[in-house]
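> pasting the structure only:
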């Protein structure tokens, strides 16, 4: 019996609908509901206080845009069956279900695999529970389905995932540069020889989309203070797992499971089901509870990092295009040691050095394809008047305590 649909009031798109059936049942599943407790943009709320939206919001938004895109493509003659439509919607709905606490910030620290691989493990697990109803969605997600354009709606350089997170993150951070003309881009989509393309008259909207993505990365996702907070959190987990001989603080059961986990047991081809079940119980609240429990611990490294994160006393960060020289590092260490009386033993754990890389547009493969008015297909890089950021950009950083 068709029960109709559920109305959702989305602050970005207004009233949207969620049909009853498999999509509603998946959204209602505890593994998906967990996304309510995982922040979409990690620790960006330290800079943008409104950035507290969740992966749950984003998944529903991406689903909404996908449904719009399917309607446009069907109207233009693309053959999309009801089963295929449902499969791509399921794939989009679940595309981020593999994210762990604080999204990208802690990726790989609890289970050393990407969130995409975890997502696939979740989908296979749910497929068993839902008696094979996710089989086609899994083919779409892994790009094994013959109609490639369905996968490109889920994962490409112009997918519904990116379109929603730019709009949504812009809305919640208040960074207007991230706003894109998603509705026009979707109306300009088409299918040509099984591939997703953008009609020529939509090229300027695509250029704006890429520019917005560039600005959001450097202004929000890779903001200096956000990067500092993320590195402090990463160092806190690494120090606790690898350096601390006597454990302290309070951990929830799933977090205790991963802190004690022997990663040598990880198979390169399979993820133990117990690991997946424990991961499905892990979210931001477990990490926050653990950090609070460390505020008065005797270990000074744990105390500095936990208090810094809890009270927004973030490390100073130096960020530049070229690597830091040995003289640069020596100068920072000397100043911390002499001026602030931080011992060399502490500095070993509290001075964090590394790199961040990003590539905003890949012109070597899977380019955005433009359907020209004469019927030919051209890659965006050959048709745009704008300069595309196609190089891998690297930023080197050192972050350290300001004072004790």
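Happy to help now that I have it. Because the structure is a prediction, the values reported are computed rather than measured.

> where's the spatially closest residue to residue 243 that is not a sequence neighbour relative to residue 236, distance?
Leaving aside its sequence neighbours, residue 243 sits nearest to residue 349 (CB to CB, 6 or more residues apart in numbering; 6.8 Å). Yep, even glycine has a C-beta here, placed from its N, CA and C like the rest. Relative to residue 236, residue 349 is positioned 10 Å away (CB to CB, to the nearest Å).

> contacting residues around the helix or strand of the chain with the lowest mean pLDDT?
Taking mean pLDDT, DSSP states H and E as the measure, the chain has helix 326-339 as its least confident helix or strand, at a mean of 86. Applying CB atoms under 8 Å, 6 or more residues apart in numbering, the external contacts of helix 326-339 come out as 318, 342-344, 347, 351, 353, 398, 400-401.

> Of the residues you listed, grab the buried ones for ChimeraX.
In ChimeraX syntax, the buried subset of the contacts of helix 326-339 is picked out as below (16 or more other CB atoms under 10 Å):
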select :342,347,351,353,398,400,401
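
> ok now the longest helix anywhere in the chain, how far from the chain's centre?
Ordering each helix of the chain by length in residues (DSSP state H) puts helix 55-75 first. Centre-to-centre, helix 55-75 and its host chain are 18 Å apart (CA atoms, centre = their mean, to the nearest Å).

> Next: stretch 358-366.
On CA atoms, centre = their mean, the centre of stretch 358-366 falls 18 Å from that of its chain.

> Tell me the span between the first and last residue of that stretch.
Stretch 358-366 has an end-to-end distance of 17 Å (CA to CA, to the nearest Å).

> Contacts for that stretch next, please.
Contacts of stretch 358-366 (CB under 8 Å, 6+ apart): 156-157, 210, 213-214, 217, 222, 379-381, 388-393.

> Hmm, which of the residues you listed is lowest in pLDDT?
The lowest pLDDT within the contacts of stretch 358-366 belongs to residue 389, with 82.

> contacting residues around that one?
Residues counted as contacts of residue 389 (CB under 8 Å, 6+ apart) are 210, 214, 359-361.

> Kindly reformat the residues you listed as JSON lines and extend each row with neighbour count, secondary structure and distance to residue 63.
Below are the contacts of residue 389 laid out as JSON lines (neighbours: other CB atoms under 10 Å; DSSP: H, G, I helix; E, B strand; the rest coil; distance: CB to CB, whole Å):
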{"residue": "210", "neighbour count": "21", "secondary structure": "helix", "distance to residue 63": "23"}
{"residue": "214", "neighbour count": "17", "secondary structure": "helix", "distance to residue 63": "26"}
{"residue": "359", "neighbour count": "12", "secondary structure": "coil", "distance to residue 63": "27"}
{"residue": "360", "neighbour count": "18", "secondary structure": "coil", "distance to residue 63": "25"}
{"residue": "361", "neighbour count": "17", "secondary structure": "coil", "distance to residue 63": "25"}
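
> Switch those residues over to a markdown table; also include distance to residue 29.
Formatted as a markdown table, those follow (distance: CB to CB, whole Å):
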| residue | distance to residue 29 |
| --- | --- |
| 210 | 35 |
| 214 | 36 |
| 359 | 34 |
| 360 | 34 |
| 361 | 35 |
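
> Show me which of those is closest to residue 122.
Closest approach to residue 122 among the contacts of residue 389 (CB to CB): residue 359, at 26.9 Å.

> roughly how far apart are the closest one and residue 286?
32 Å.

> same deal with residue 337?
Distance from residue 337 to residue 286, by CB to CB: 35 Å.

> More neighbours: the two, which one.
residue 286 (21 against 14; other CB atoms under 10 Å).

> Which strands and helices lie in contact with the one helix or strand the more buried one maps to?
Element membership for residue 286 (DSSP states H and E) is helix 284-293. For helix 284-293, the elements it packs on are helix 253-259, helix 300-310, judged by 3 or more CB pairs under 8 Å, 6 or more residues apart in numbering; DSSP states H and E.

> sorry, back to before: show me the two of the contacts of residue 389 that sit farthest apart.
Across the contacts of residue 389 (CB to CB), the longest gap, 11.8 Å, separates 210 and 359.

> ok so, going back, toward the C-terminus, what is the element adjacent to the longest helix of the chain?
helix 82-93.

> Just give me the closest of the contacts of residue 389 to residue 113.
Lowest distance from residue 113 to these (CB to CB) belongs to residue 359, with 21.3 Å.

> Report the separation between that closest one and residue 214.
From residue 359 to residue 214 the distance is 11 Å (CB to CB).

> same deal with residue 90?
31 Å.

> do residue 387 as well
Applying CB to CB to residue 387 and residue 214 gives a distance of 11 Å.

> just residue 393 next, same as before
Distance from residue 393 to residue 214, counting by CB to CB: 10 Å.

> cool, residue 327 as well?
Distance from residue 327 to residue 214, by CB to CB: 32 Å.

> Over to residue 234?
Distance from residue 234 to residue 214, by CB to CB: 25 Å.

> So residue 349 and residue 236 - more neighbours on which side?
residue 236 (23 against 18).

> show me the contacts for residue 44.
Taking CB under 8 Å, 6+ apart, one finds 51, 169, 173, 220-221, 223, 226 in contact with residue 44.

> run the last query once more with 10 Å
50-52, 103, 105, 169, 172-173, 175, 220-221, 223, 225-226, 229-230 (CB atoms under 10 Å, 6 or more residues apart in numbering).

> Point out where this structure drops to low pLDDT.
Along the chain, the model assigns pLDDT under 70 to residues 1-3, 264-269, 340, 404.

> let's see 80
Within the chain, the segments meeting pLDDT under 80 span 1-4, 245, 262-270, 339-342, 365, 403-404.

> sorry, back to before: next, show the common contact partners of residue 359 and residue 214.
Joint contacts of residue 359 and residue 214 (CB under 10 Å, 6+ apart) are 389, 393.

> can you list residues touching both of residue 349 and residue 236?
301-302, 304-305.

> Greatest separation within those: which pair is it?
Top of the distance list for the shared contacts of residue 349 and residue 236 (CB to CB): 302 and 304, 7.5 Å.

> Comparing these two, which residue is more hemmed in?
residue 302 (23 against 20).

> tell me the contacts of that one?
236, 239-240, 243-244, 248-249, 291, 293-296, 349.

> and with 8 Å instead?
Applying CB under 8 Å, 6+ apart, the residues contacting residue 302 are 236, 239-240, 244, 248-249, 294.
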